[in-house]
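Undergrad: what would the 3D arrangement of this be:
(2 chains)
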Amino acid sequence: MSGGLKERVAVVGGGSWGTTLAHLAAMAGDEEVVLWMRDAEAVREVNEARTNRRYLGDVTLAPTVRATTELGDAVPDARLVIVCVPSSAFREVAGQAGEFVTGDQVLLSATKGLEPRTFVRMSQVLAEETCARKVGAISGPNLAKELIAGQPGATVVASRYREAIVVGAQLLHSRVLRVYGNLDVKGVELAGALKNVIAIATGVAHGLGLGVNVRAMLITRGLAEVQRLGVRLGADALTFSGLAGIGDLLATASSELSRNFRVGLGLAQGRALEAVLDELGEVAEGVNTTRVALELARSVDVPLPIIEGVGRLLFQGATPGSVLDDLMTRAARYEIDFDYTAEVR
Amino acid sequence: MRAEDRERAVEDVVTRVMSRVLERGPQALEAAIADTLYHERQRVDRERRGKERDRRLALLDRRRGRLLAGSDEERRRLLREVAEAFAREVLGNFDPRVHAFATRAVPFGLAALLHASSPRQLLRRFPVLGLEDRLAVQGEVAHARALKDLGTIVCVPTHSSNLDSIVLGYGMHELGFPPLLYGAGLNLFENPLISYFMHNLGAYKVDRRKTAPLYRDVLKEYATVSLEYGYHNLFFPGGTRARSGAIEDRLKLGLLGTSLRAFANNLRHGRPRPRLFVVPVVLSYELVLEAETLVDDFLRETGKSRYIITDDEFASPRRILQFMKGILELDARIAFTFMPPLDPFGNRVDEAGVSLDGRGRPIDIDRYLRGPTGELVDDDERDHEYTRELGERLVDTFHRGNTLMPTHLVSFAFFEELRRRNPGLDLYRLLRTGGTQDTLSLGELSRVVAALRDRLVALEAEGRLRLDDRVRRERADDLVLMALRALGTYHTRPALARAGDRICSRDRNLLYFYRNRLLGYGLEAA
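TA: Residues are numbered from 1 along each chain as shown, chains lettered A, B, ... in the order given. From the prediction side, this is the model:
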């Protein structure tokens, strides 16, 4: 008989969300949680001082979190492997982890992004770069800094394989984090990635000093765009009214803790994109996702006015005022998208 | 199946099918029998009136009586009786000696079709006309052959024509493969000559008029059992012949999933050669025997097409004769392409039978079926998902192995040019009327063909499809002439024909059929 796994979690990627997930998993069970980080200094800090100051300040991590720089130390025998590295490095790291992955393991992506050019979702990258089949995603309104401070929250574990959902719930569900399952992994991942673009837009509005009406408009119409594209690509429309859809969008698009929101805020203050990103010091996936979303929308012929506006702002030097103006002067349309091209006449 | 395995197979099939019903409780037992009798009654009701029909109806009535009055014990007996009758009907009568003989006879078997004579007469004559010159075998033949001794092969070809079975039976034998078991529709057995070859090429009978779920369970279980016994199998994963002429993009997962089930059973019983290898084969015909009937059926109304066609060109020896004449006189080709083998989970397999991940690293595939403590876990939902992924990879593989001939290329070019010149015309109107501009000059068509060929060459370089060497090599206007000749020779009305210095379509449905072979590559006009 081959095989055998431990009921433990490995987290690949020690940024703010990866470290938080490791901490939450440790709080949910008794087993050790192994956190893979690239940086040996950060590993030492986690193992000795129990902090990850670069991303999470003074927060003390659970004692059963153990960091390592070796994927071969983290990945083998873990029932659940969560990969949480920026989308630009995701394929590379997933491929390296694949060296140690076996077909009985569950792999979840905690990264919200899409691969440029191929439009591939992160859980698909996991399936392509490893032998794992029971792959999926974890996504939802999960601002790391709130959760690691012990505030309650909820998340979605999505996979076409029910076993992946069950394992995710068993190993992550706790008093702090409620886990919901969803079989529509495509919808969950698209919602999670695309909402970052809308968050940039609401950040801009906030930075311009605009009030809650504008924010509500951008959130609801932004969700309509995200859902329109998602459904066109085969996602379930209802997923977008769930935690990974509207839930995540509400959190991300109205919180200064959100990196993408902060990108918008910076742009509204008239600063250049590079300067804003430099100051952030973390990856804002929404910038890359805007580009991918626009390409993707073109390939399937779905109009995305808000996301297109963000694109002009980020990459074509348009001013926030002119983008907003363009959005407001479009023809009146029907709200419910049976035919989203139909104008009100 | 060999005689010594037959009884064991019947017993295994019946026991497994029964236990799956019985584990769901006494109500499921009653429902399974009632359901089967209902479906059978519907089927027999539609049969021609006569003694045989009366006899069957009486039998169904008696069974119904036993179901209603019977104890649990009696119902179990009844279920066994019904399942066993299905199983015995399905089981082929395979004899290796006859197989060897039949495969030798196939090349002139086709010639026999030309003369519409009996096999016995034919064998006395030994004509030399053969299939071998028309069959272009390509791709990973050696790879597939290397696997046949390391495990059990499941050959999964695309399906365009009833001739596929014969071409495959002959081709696989010529390439040194052992006989393949396969389920063939009853209508194939109705043609006495074909029936003779079918029987002896390892075919077992599938009666698609039998719609009872229990019958389908028996079929699937028979495929599973035969795979476990080590019989190489052949399934058409598309189910039926592709009506539209396109490469299959949706597969029937039920039969496909038997490879995974057989693998799991092999592991559970610790069998010595547990592996199964899925070998995709793409058959590309320059001309398709039944093209006219198939596309008419497709266009009749999508969704209302007939699942079983018995009155097509295949039923007419005269049409087969014309077709073979066409193929032989024209240098028309049938490409027989072996694609890289996969395991039941859709992973690539190397020549040593080892499954590989996306980066070419070996995989221990047993672990897909094991739980956290290393035990084998049954999970139908999980297995369905694995099989769905295998299906997705197969669809991709079929497209990559699709070999495009001049008929496909030129039909596509002409059809898309019609669409471009008649904007706003929907498909059905375009097919019916051809639009206001329905002819092209040879020069115009050649230019479109040349441009399309360039795009196809680029796609071939990316490994996304294959081109017949003539498509790669010949000048565009020669390709047009080749296609005109081929399309004008066999079919009742030519898909493309010359009218003075113009080229027009005399049968746009047929044009559409050949054009559809290029679907799935993003080549069509928006």
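Undergrad: near chain A, which residues of chain B?
TA: Applying Cβ under 8 Å from any Cβ of the partner chain, we find that chain B lies next to chain A at B:345, B:347, B:355, B:357-359, B:361, B:363-368, B:370-375, B:379, B:381-382, B:385-386, B:389. In short, each C-beta sits where N, CA and C put it, glycine included.
Undergrad: hmm, which of those residues are the buried ones?
TA: Among these, those buried by neighbour count (16 or more other Cβ atoms under 10 Å in any protein chain shown) are B:345, B:347, B:355, B:357-358, B:363, B:365-368, B:370-372, B:382, B:385-386, B:389.
Undergrad: take the residues you listed and keep only those in strands.
TA: residue B:355 (DSSP state E).
Undergrad: quick one, domains of the chain?
TA: Since you didn't name a chain, this refers to chain A. Using automatic domain parsing, the domain parsing of chain A gives A:7-183, A:190-328.
Undergrad: other chain: chain B
TA: If you go by automatic domain parsing, chain B breaks into B:3-90, B:135-312+B:332-401, B:403-518.
Undergrad: quick check: which of those is nearest to residue A:256?
TA: domain B:135-312+B:332-401 (39.9 Å; Cβ to Cβ).
Undergrad: confirm residue A:224 sits in a helix?
TA: Yes - counting by DSSP: H, G, I helix; E, B strand; the rest coil, one finds residue A:224 located in a helix.
Undergrad: what comes up buried for the helix or strand where residue A:307 lies?
TA: For residue A:307, the enclosing helix or strand under DSSP states H and E is helix A:305-315. For helix A:305-315, the neighbour count (16+ other Cβ under 10 Å) marks A:306-314 as buried.
Undergrad: I'd like the domains of chain B as CSV, with distance to residue A:257 appended.
TA: Converted to CSV, the domains of chain B look like this (distance: least, Cβ to Cβ, whole Å):
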stretch, distance to residue A:257
domain B:3-90, 52
domain B:135-312+B:332-401, 36
domain B:403-518, 44
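Undergrad: export these to a markdown table and tack on distance to residue A:46 and mean pLDDT?
TA: Shown next, in a markdown table, are the domains of chain B (distance: least, Cβ to Cβ, whole Å; pLDDT from 0 to 100):
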| stretch | distance to residue A:46 | mean pLDDT |
| --- | --- | --- |
| domain B:3-90 | 50 | 93 |
| domain B:135-312+B:332-401 | 27 | 88 |
| domain B:403-518 | 45 | 93 |
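Undergrad: mind checking which of the ones you listed is nearest residue A:202?
TA: Here domain B:135-312+B:332-401 is closest among the domains of chain B (Cβ to Cβ), at 37.2 Å.
Undergrad: that closest one: how far from the chain's middle?
TA: 7 Å (Cα atoms, centre = their mean, to the nearest Å).
Undergrad: span of it from start to end?
TA: Start-to-end span of domain B:135-312+B:332-401 (Cα to Cα, to the nearest Å) is 15 Å.
Undergrad: now the residue nearest the centre of chain A: closest residue in space that isn't a chain neighbour?
TA: The residue lying closest to the centre of chain A (Cα atoms, centre = their mean) is residue A:112, at 2.7 Å. Excluding the flanking residues, the one nearest residue A:112 by Cβ to Cβ, 6 or more residues apart in numbering or on different chains is residue A:192, at 4.0 Å.
Undergrad: dump whichever strand or helix holds the one you found to CSV, restricted to CA.
TA: Assigned by DSSP H and E, residue A:192 belongs to helix A:185-207. The C-alpha trace of helix A:185-207 is given here as CSV (Å, rounded to 0.1, in the frame of the first residue of the first chain):
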residue,chain,number,x,y,z
VAL,A,185,-14.6,27.2,-8.5
LYS,A,186,-14.5,29.1,-11.7
GLY,A,187,-17.0,31.7,-10.4
VAL,A,188,-15.2,32.0,-7.0
GLU,A,189,-11.8,32.6,-8.6
LEU,A,190,-13.1,35.0,-11.2
ALA,A,191,-15.0,37.0,-8.6
GLY,A,192,-12.0,37.1,-6.4
ALA,A,193,-9.6,38.3,-9.1
LEU,A,194,-11.8,40.8,-10.8
LYS,A,195,-13.1,42.5,-7.7
ASN,A,196,-9.6,43.9,-7.2
VAL,A,197,-10.1,46.1,-10.2
ILE,A,198,-13.4,47.5,-8.8
ALA,A,199,-11.5,48.2,-5.6
ILE,A,200,-9.1,50.4,-7.4
ALA,A,201,-12.1,52.3,-8.8
THR,A,202,-13.7,52.9,-5.4
GLY,A,203,-10.3,53.9,-4.1
VAL,A,204,-10.1,56.6,-6.7
ALA,A,205,-13.6,57.8,-5.9
HIS,A,206,-12.7,58.0,-2.2
GLY,A,207,-9.5,59.9,-3.0
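Undergrad: low-confidence regions, the stretch 201-345 of chain A specifically.
TA: A:337-341 (pLDDT under 70).
Undergrad: close to chain B: what parts of it are there?
TA: So the stretch 201-345 of chain A never meets chain B (Cβ under 8 Å from any Cβ).
Undergrad: check the stretch 51-200 of chain A too.
TA: Counting by Cβ under 8 Å from any Cβ, the stretch 51-200 of chain A sits next to chain B at A:79, A:95, A:98-99, A:102-104, A:127-131, A:133-134, A:160-163.
Undergrad: for PyMOL, what selects the buried ones among the residues you listed?
TA: The following PyMOL line selects those of those that are buried, judged by 16+ other Cβ under 10 Å:
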select buried, chain A and resi 79+95+98+102+103+104+127+128+129+130+131+133+134+160+161+163
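Undergrad: residue A:67 contacts residue A:42, doesn't it?
TA: Yes - with contacts counted by Cβ atoms under 8 Å, residue A:67 reaches residue A:42, the gap being 7.1 Å.
Undergrad: more neighbours: which of these two?
TA: residue A:67 (27 against 21; other Cβ atoms under 10 Å in any protein chain shown).
Undergrad: now do the SS call for the more buried one.
TA: Under three-state DSSP, residue A:67 comes out as strand.
Undergrad: does it have beta-bridge partners, and which?
TA: residue A:35 (DSSP bridges).
Undergrad: strands of chain A, residue ranges please.
TA: A:6-12, A:33-36, A:65-68, A:78-83, A:106-109, A:135-139, A:153-159, A:177-182.
Undergrad: got CSV for these, with distance to residue A:278 too?
TA: Below are the strands of chain A laid out as CSV (distance: least, Cβ to Cβ, whole Å):
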stretch, distance to residue A:278
strand A:6-12, 26
strand A:33-36, 26
strand A:65-68, 27
strand A:78-83, 26
strand A:106-109, 27
strand A:135-139, 27
strand A:153-159, 30
strand A:177-182, 32
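Undergrad: out of those, the one nearest residue B:52 is which?
TA: That would be, of the strands of chain A and by Cβ to Cβ, strand A:153-159, which comes in at 52.5 Å.
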